[in-house]
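1. coordinates for the following, if possible.
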Amino acid sequence: MTTPTTDIDESAPRIGGKAELVEWFEAGAKPMDDWRVGTEHEKFGFIKDGLRPLPYEGEASVKAMLEGLRDQFGWQPIEEAGFLIGLKKNGASVSLEPGGQFELSGAPLKSMHDTCNEVGKHLEEVRQIADPLGIGFLGLGASPLWSMDETPIMPKGRYKIMRAYMEKVGRLGRQMMFRTCTVQSNLDYGSEADMVKKFRVALALQPLGTALFANSPFLEGRPNGFLSYRAQIWTDTDPDRTGMLPFVFEDGFGYERYVDYALDVPMYFVRRGGQYLDASGLSFRDFMAGNLPILPGELPAMEDFEDHLSTIFPEVRLKRFLEMRGSDSGPWSRLCAFSSFWTGLLYCPDCLDATWQRVKVWSAAERESIRQSARVLGLKTPIPGGQTLQDLALEMIELSRQGLSNRAKLSVSGDDETGFLMELQEIAESGVTPAERLLERYHGDWGRDVRPVFEEMAY
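-> Okay, the predicted model is just below:
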């Protein structure tokens, strides 16, 4: 989750009506030449001695990692209530998820070569700070060993509010906060029509992303019954702010319909005076009318709306770009493959059209059925037409390859971006997800001991 770096200015203009929110989304549209790729990924920190979770404070800690990156690599600090909670530099940021998951939110960059270099540089910086401290980082979609009681809590105001609210709206919301890691790709749109088509295609294909990148089969030291336990968690977190958004596929969908949806999602908080005020369950519509009980008579600034958008968690999220959110985190190579896959499909108009023709006949019930099955069956998940997600994966990877080839974004050595898809191609051809490979190791040479995953999947 993005970490705000400043308080909301009391003198900032207030939102005058819903039309301003629609215009805010409209202003996100960019010409194709200005489309960029942003990649975010989360990872679990651990102390190598004893495979313990990384606390916030101490010699080997989250705070020590942040201080090391700040002092050795020139990252600027982000503080909240006297706590160092994040870093920023050159359009990128490092932030903390509730259980100490360490997140890089990458800058919007021109090519997958730039993006993959950014991820690689970040991981190298992290290693240089972590190794002397006896710290490691793990690329999995769910915490494989520690109980909830063993998992630390980060000192961020919003997380206290969210933690309390999660108990009221779903069984697994706290699991999402403290026990999951994801990879996310942020991609631009050129117009409202372009946004709509990309949104629909991306939503329909999120279960494919879940299957291809499934990487969370363990919990508390044993198999959890899912290939993507992270995806399972999202099915019972908070129905008001998660899921496949069937209305996106309805006639007339556009910016205004998404604004209406966002206004109806209950709030979490409002930032005022350097603090997070508990607004959990309250209405942003009431805020727009000056009727928010905790701030009577006050109207929201646009930054309040941006905060609110950051607390909505559907499988694809609209801001001034589209966020792909349906996949488990994983090793460096798959982080690069993830954004490459979506870039190839969504940034090539012909590929986007072909993909839409492939999935537009699916009903909302069929899309949801695929989503529910992918977390358990992976690429064996049946899809309409008597095929499986494996068949679809092979088709979509080929379309993505065409899209990346058409972009002709070359590295300094003259390679295009298609090479980043090689690992996905191997997964699709085998039909075996990363999670199934880990389970094979667990039941085989690991001797039903999950601890070797901390070496196998460490960055």
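2. how about stretch 10-19: buried residues?
-> Using 16 or more other Cβ atoms under 10 Å as the burial criterion, the residues of stretch 10-19 that qualify are Ile15. Any C-beta I mention is one placed from the backbone N, CA and C, and that applies to glycine too.
3. got the CA positions of it in CSV?
-> These are the backbone C-alpha positions of stretch 10-19, laid out as CSV (Å, rounded to 0.1, in the frame of the first residue of the first chain):
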residue,chain,number,x,y,z
GLU,A,10,-6.0,22.3,5.4
SER,A,11,-5.9,25.0,2.7
ALA,A,12,-6.1,22.5,-0.2
PRO,A,13,-9.1,22.9,-2.5
ARG,A,14,-12.1,20.8,-1.6
ILE,A,15,-14.0,18.6,-4.0
GLY,A,16,-17.0,20.4,-5.3
GLY,A,17,-18.9,17.4,-6.7
LYS,A,18,-18.8,14.1,-8.4
ALA,A,19,-17.9,15.6,-11.7
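4. give me the contacts around it.
-> Residues external to stretch 10-19 that are found in contact with it (Cβ atoms under 8 Å, 6 or more residues apart in numbering): 21, 256, 259-260, 263, 288, 299-305.
5. low-confidence regions, this protein specifically.
-> Within the chain, the set of residues satisfying pLDDT under 70 comprises 1-6.
6. one more time with 80, if that's ok
-> With pLDDT under 80 as the threshold, the chain has low-confidence stretches at 1-7.
7. ok so, going back, ok, of the contacts of stretch 10-19, which come out buried?
-> By 16+ other Cβ under 10 Å, the contacts of stretch 10-19 give 21, 259, 263, 288, 299-301, 303-305 as buried.
8. quick check, nearest of those residues to Val196?
-> Nearest to Val196 among the buried ones among the contacts of stretch 10-19, counting by Cβ to Cβ, is Val259 at 13.8 Å.
9. okay, and that closest one sits in which element?
-> helix 255-264 (DSSP states H and E).
10. give me the contacts around that helix.
-> Counting by Cβ under 8 Å, 6+ apart, 18, 21-22, 25-26, 192, 195, 240, 245, 247-248, 250, 283-285, 288, 305, 308-309, 312, 318 sit against helix 255-264.
11. before we move on, back to that, got the buried ones among the contacts of stretch 10-19 as TSV, with distance to Pro217 and secondary structure columns?
-> Below are the buried ones among the contacts of stretch 10-19 laid out as TSV (distance: Cβ to Cβ, whole Å; DSSP: H, G, I helix; E, B strand; the rest coil):
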residue	distance to Pro217	secondary structure
Leu21	41	helix
Val259	38	helix
Leu263	38	helix
Met288	44	helix
Leu299	48	coil
Pro300	42	coil
Ala301	44	strand
Glu303	40	helix
Asp304	40	helix
Phe305	38	helix
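12. contact partners for the residue of the chain positioned farthest from its centre?
-> In the chain, Gly297 marks the outermost C-alpha relative to the chain mean, sitting 35.0 Å out by Cα atoms, centre = their mean. Listed by Cβ under 8 Å, 6+ apart, the contact partners of Gly297 are Gly290.
13. where does the closest residue to Gly157 other than its chain neighbours land in three-state SS?
-> For Gly157, the nearest residue in space outside its immediate sequence neighbours is Tyr276; the separation is 3.6 Å by Cβ to Cβ, 6 or more residues apart in numbering. Three-state assignment for Tyr276 (DSSP: H, G, I helix; E, B strand; the rest coil): strand.
14. and Tyr276, bridged to which residues?
-> Note on Tyr276: beta-bridge partners Arg271, judged by DSSP bridges.
15. would you mind measuring from it to Ala262?
-> 19 Å (Cβ to Cβ, to the nearest Å).
16. more neighbours: those two, which one.
-> Residue environment comparison for Tyr276 versus Ala262 gives the larger neighbour count to Tyr276, 22 against 19, counting by other Cβ atoms under 10 Å.
17. for the more buried one, give its distance to Asp240.
-> Here the criterion is Cβ to Cβ. By it, Tyr276 lies 19 Å from Asp240.
18. need the contact partners of stretch 440-459.
-> 43, 46, 48, 51, 123, 126-127, 136-140, 144-145, 215, 217-218, 221-223, 330-332, 438.
19. among the residues you listed, which ones are buried?
-> Burial by neighbour count, 16+ other Cβ under 10 Å: within the contacts of stretch 440-459 this picks out 43, 46, 48, 51, 123, 126, 136-140, 144-145, 215, 217-218, 223, 330-332, 438.
20. quick one on the thing from earlier: just checking, which of the contacts of helix 255-264 belong to strands?
-> Within those, residues falling in strands by DSSP state E are Leu318.
21. all set, thanks.
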